[in-house]
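Novice: Just need the structure, nothing else, for what follows:
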Amino acid sequence: MTSLISLLQAAICFGTVIMFGSLGEILTEKSGNLNLGVPGIMYLGAIASLTGAFFYERAVEVPNPIVCIIIALICAFLASALGGLIYSFLTITLRANQNVTGLALTIFGSGIGNFFGGSLNKLAGGVGQISVSATSAAYRTSVPFLSSLGTVGDLLFSYGFLAYFAIILAIIMQWYLNRTRSGLNLRAVGENPGTADAAGINVTKYKYLSTCIGAGIVGLGGLYYVMDYTKGTWANDGTIEGLGWLAVALVIFTTWKPVNTIWGAYLFGVLYWMNYYLPGLTRYSQELFKMLPYLITIIVLIFTSLRKKKENQPPANLGLAYFREER
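Specialist: Predicted coordinates:
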């Protein structure tokens, strides 16, 4: 029973990181923009939040937990949104190839993250010495009273507020895309921007806003990774990049429905961590288990493609530049 609880806890922490990444990418793709720079944007959010918290904690003798949270949150969102703005300018205004731009953003973001991560490690006294303990503790503070309710408390209420915010955000985004005029306009832009433009919808505005806000949400996944998942440290081991690609895979797995990311992210977490809780596995067997989320995504993609149900398909204009003069 203890092993099962530990597995589910690890899956929820792991799933929260990729849930943020997937939610941000869903919002972006609903506008027709295919941003494969999710891993790079996660790097930007992670290193920006860590940098902001690091310098704040060095500047004051007793860091205020609320201020720690606000500084890290603002730094992560703004840095990630800036990455989304760069992508938007290149693909919407300059009409650059979206696939190439996204991959370039991934390389750019990982380079920026690891460069400044190394610099912070030197300032802190060496590799592995950096630690924003006050900010990390503030983000990892569990729900008071409820986290002490035995097994149920350990499983449901022993996480920081961002884990619950991700679930709330998924529900709000589902409602926004399906129940509001603005959300329906955004979906129209992703399906047929020419028709949306003819109907008076500002295609460029919707594409820019959804891509930048979506990138900001992706960056919250990087923030959660460094503050909760790794407890306020920086490690140049490529884990963030792997989580970013899992978030992209989760978008396909959930068939572009935000509410499905809640259970899909946790399922990915269970599949990814299961090998650590099964006895007798070799190192090679463990690597095979890590392939399961991608394998299941491929199966879902094949299944939905064969069924050809409209509601399970990506936006019709996904990945294509919009040329207004050609409509």
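
Novice: Would you mind listing the buried residues in stretch 63-72?
Specialist: Of all the residues in stretch 63-72, those buried under the rule 16 or more other Cβ atoms under 10 Å are Pro63, Val67, Cys68, Ile69, Ile71, Ala72. Yep, even glycine has a C-beta here, placed from its N, CA and C like the rest.

Novice: Just the closest of these to Ile86, please.
Specialist: Compare each of the buried residues of stretch 63-72 with Ile86 using Cβ to Cβ and the shortest gap goes to Ala72, at 21.7 Å.

Novice: just to revisit the earlier point, make JSON lines from the buried residues of stretch 63-72 and add pLDDT and distance to Leu23 to it.
Specialist: JSON lines is the format used below for the buried residues of stretch 63-72 (pLDDT from 0 to 100; distance: Cβ to Cβ, whole Å):
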{"residue": "Pro63", "pLDDT": "91", "distance to Leu23": "29"}
{"residue": "Val67", "pLDDT": "95", "distance to Leu23": "26"}
{"residue": "Cys68", "pLDDT": "94", "distance to Leu23": "24"}
{"residue": "Ile69", "pLDDT": "95", "distance to Leu23": "20"}
{"residue": "Ile71", "pLDDT": "96", "distance to Leu23": "23"}
{"residue": "Ala72", "pLDDT": "96", "distance to Leu23": "19"}
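
Novice: tell me which of the residues you listed is nearest to Pro39?
Specialist: When those are compared for distance to Pro39, the smallest value, 19.8 Å, is given by Ala72; criterion: Cβ to Cβ.

Novice: Who are the packing partners of the helix or strand hosting that closest one?
Specialist: Element membership of Ala72, judged by DSSP states H and E, is helix 65-88. With contacts defined as 3 or more Cβ pairs under 8 Å, 6 or more residues apart in numbering; DSSP states H and E, the secondary structure elements packing on helix 65-88 are helix 38-59, helix 98-124, helix 133-140, helix 203-224.

Novice: model confidence over the longest one, on average?
Specialist: For helix 98-124, the per-residue pLDDT values average out at 91.

Novice: so who does the nearest residue to Ile167 once chain neighbours are set aside touch?
Specialist: Setting aside the residues directly before and after it, Ile167 is nearest to Ile262 in space (Cβ to Cβ, 6 or more residues apart in numbering), at 5.6 Å. Under the criterion of Cβ atoms under 8 Å, 6 or more residues apart in numbering, the neighbours of Ile262 are Met19, Ile167, Ala170.

Novice: In helices only, show me those residues.
Specialist: Met19, Ile167, Ala170 (DSSP state H).

Novice: Near Thr297, how many other residues are there?
Specialist: Taking other Cβ atoms under 10 Å as the neighbour definition, Thr297 ends up with a count of 20.

Novice: For the strand or helix carrying Leu4, name the packing helices and strands.
Specialist: Mapping Leu4 onto the secondary structure by DSSP H and E places it in helix 2-29. Helices and strands touching helix 2-29, as assessed by 3+ Cβ pairs under 8 Å, 6+ apart, comprise helix 38-59, helix 150-156, helix 161-179, helix 203-224, helix 239-253, helix 260-273.

Novice: want to throw the ones you listed into TSV with distance to Ile92?
Specialist: As requested, the helices and strands packed on helix 2-29 are exported to TSV (distance: least, Cβ to Cβ, whole Å):
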stretch	distance to Ile92
helix 38-59	16
helix 150-156	42
helix 161-179	20
helix 203-224	5
helix 239-253	20
helix 260-273	25
